[in-house]
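Engineer: Make a model of this:
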Amino acid sequence: MQGCRWSCRSILLSQAGAMTTGQKFVDGAAARLLEALKSRSSKEERFRRLTETNGDSDLKKRSVRGFTTSLVGEGIDFVLRVGSMSILARMLLPEYFGLLTMVMVVTAVVDRLKDLGLTVVTIQRKTITHEEVSTLFWINAAGGLAMALIVAACAYPLALFYREPRLIPITLAMATTFIWTSLTVQHSALLNRQMKYAHLAAIQISTNALSLAVAIVLAWAGAGYWALIAREALRTLFIAAGVWMCFPWVPSLPSRKARITSMLSFGGDLTVFNLIYFVSSGVDKILIGRLFGAASLGMYRQSSQLAALPASQLMYPVNNVAQSVLSRLQSDPERYRRSYSKLLTALCAIVMPLMLFLAVFARETIFVVLGEKWLPATNILWIMAMTSFIEPAISTVGAVLLTSGKSRRYLITGATSSLVIVASFVAGIPWGAEGVAFGHLVATYLSLVPFLWWSFRDTPITLRLFAAAVSRPLIASVLTGALLYNLKATAIFDRALPMLLFGAALMVPLYFSFWLLIPGGRSAMTAVWKDLMSAFRESKGAS
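Structural biologist: Presented below is the predicted three-dimensional model:
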């Protein structure tokens, strides 16, 4: 416990230092917001200035620089999240994480509806006006208030369903997050549209650091599961403040002149997709929580989160950059294909070896990150790591469909895949939480080829191009994972941390060696390296 407290102090001190370093940034952003509020110029003119672009002449540099910036930001955020997860897992009981997950089954579904599909609309459209974005802002604000009331109304029924009265105040506290989130939807979309990924990364890192610091302090003070609730609730408030400071745009009142009918139709397809998909993806947690209790659900939730964290941290910048870049290349299929292929290869080159490493060293990872009491979740982590091996690549299909204007097909594929997911969860229930996870794994790989073939029809992307983009990282990762598995059996280490360090030290040179041995691997790696160096030089020159 003493070591854990020292870790808490170290993280809090490092976060305090980071906040001190970023004080000038915050002060400058606040000044810009104040200036925007007091400015005598018209709101339309201010909107035009904030959304000015240099055209598509430097789109490649901006996309590579944006991806690199986002990747660095996500890497910092990943380290922060894993470190905090490790501390909170040792300070709090698995039951507390299970209680939060019971509520998040509902809030996660509603959260996917928070933007009503209008974030992608703002990013995807070639041109958009101040009147249109202002009207969308107020639609989002009204939707956020409605969602907060819906979640609050679910508090008592949720407590009855799980037979857990503590869920009532937890649900009411979590309902407030939708009010703050709805006020940031259009501002975040405009930052993405302008490819302001440095601002987005700064917001993400600072808000997560601050909310996690509060959670650690509360857990240390004995607040129990309220430490986890405070982290989730405060994070949305901090994000709202950060986004408004970084993009000081003040919306006008909604206008009937704004032509948003087509936008609402497009957003409606996305909203229905999100509703169907995330209701189905929460069925596993509902079943486990109802049938096996909060403790089992806590084990399942933490292992699934640990497996999904590396992939989700990488999917965020890739999908952001993909939507921004591919939307601008809708009329140039050849450049569209090249950009998508590079983004997909970059994503797989990082995610795939990480997921196989996590699968090979699942027990050691659980022990080091979460602690000995979480070891029963080892098999779940192994299964979910193998699922996350391919899921990030599949997720890029959404960017292709949306930037190609195929929102209705996006909805159909989401509904179909959701039925498959639910069926896999139900099929695995007799074998407990591990059976649920394994059912999802099997369903993901069995439906892979039909899903991709149907999704890519009548778009610039083909199944052959997808396979070519993922082939090198897939082969190199599988060979690396197989060799690590065999070396692990002969390793001289019997402690978890030395074993992890041993595997990590071997993984990088093995992975790059296998990559270079694959035909065309050297030229592909050289191209990626040149893009990264170009992004570094551009960002250095801009600074």
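Engineer: Identify each of the helices in the stretch 201-350 of the chain and give its residue range.
Structural biologist: Ranges of helices within the stretch 201-350 of the chain are 226-246, 261-281, 283-292, 294-328, 333-360, based on DSSP state H, counting those that start in this stretch.
Engineer: Flag whichever of those has the least confidence on average.
Structural biologist: Per-stretch averages of pLDDT across the helices of the stretch 201-350 of the chain put helix 261-281 at the bottom, with a mean of 63.
Engineer: now Leu370, nearest residue through space, not along the chain?
Structural biologist: Ala89 (4.3 Å; C-beta to C-beta, 6 or more residues apart in numbering). The C-beta positions use only the backbone N, C-alpha and C, and glycine is treated the same way.
Engineer: List the residues that contact that neighbour.
Structural biologist: Contact analysis of Ala89 by C-beta atoms under 8 Å, 6 or more residues apart in numbering lists 97, 302, 369-371, 374.
Engineer: Repeat that for Ala433.
Structural biologist: 288, 292, 296, 299-300, 380.
Engineer: repeat for Leu183
Structural biologist: 140-141, 144, 240, 244.
Engineer: Now do the same for Val120: its pLDDT.
Structural biologist: On the pLDDT scale, Val120 is placed at 62.
Engineer: same check, this time on Pro248
Structural biologist: For Pro248, pLDDT reads 77.
Engineer: Over to Tyr511?
Structural biologist: pLDDT, Tyr511: 90.
Engineer: Buried subset of the contacts of Ala89 as a ChimeraX selection?
Structural biologist: Buried residues among these (16 or more other C-beta atoms under 10 Å), as a ChimeraX selection:
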select :97,302,369,370,374
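Engineer: Make JSON lines from the contacts of Ala89 and add secondary structure and distance to Ser134 to it.
Structural biologist: As requested, the contacts of Ala89 are exported to JSON lines (DSSP: H, G, I helix; E, B strand; the rest coil; distance: C-beta to C-beta, whole Å):
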{"residue": "Phe97", "secondary structure": "helix", "distance to Ser134": "40"}
{"residue": "Gln302", "secondary structure": "helix", "distance to Ser134": "42"}
{"residue": "Val369", "secondary structure": "helix", "distance to Ser134": "45"}
{"residue": "Leu370", "secondary structure": "coil", "distance to Ser134": "46"}
{"residue": "Gly371", "secondary structure": "coil", "distance to Ser134": "49"}
{"residue": "Trp374", "secondary structure": "helix", "distance to Ser134": "48"}
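Engineer: Farthest pair within the contacts of Ala89?
Structural biologist: Greatest spacing in these, by C-beta to C-beta: Phe97 and Val369 (13.6 Å).
Engineer: residue closest to the middle of this structure?
Structural biologist: Taking C-alpha atoms, centre = their mean as the criterion, Ser312 is the residue nearest the geometric centre of the chain, at 4.1 Å.
Engineer: Which strands and helices lie in contact with whichever strand or helix holds Ala393?
Structural biologist: Using DSSP states H and E, the element containing Ala393 is helix 391-403. Helices and strands touching helix 391-403, as assessed by 3 or more C-beta pairs under 8 Å, 6 or more residues apart in numbering; DSSP states H and E, comprise helix 118-124, helix 294-328, helix 333-360, helix 407-428, helix 448-456.
Engineer: can you redo these as TSV with distance to Leu465?
Structural biologist: Listed next are those as TSV, based on distance: least, C-beta to C-beta, whole Å:
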stretch	distance to Leu465
helix 118-124	21
helix 294-328	14
helix 333-360	6
helix 407-428	18
helix 448-456	8
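Engineer: Minimum distance to Phe438: which of those has it?
Structural biologist: Taking C-beta to C-beta, helix 407-428 is the member of the helices and strands packed on helix 391-403 nearest to Phe438, at 5.7 Å.
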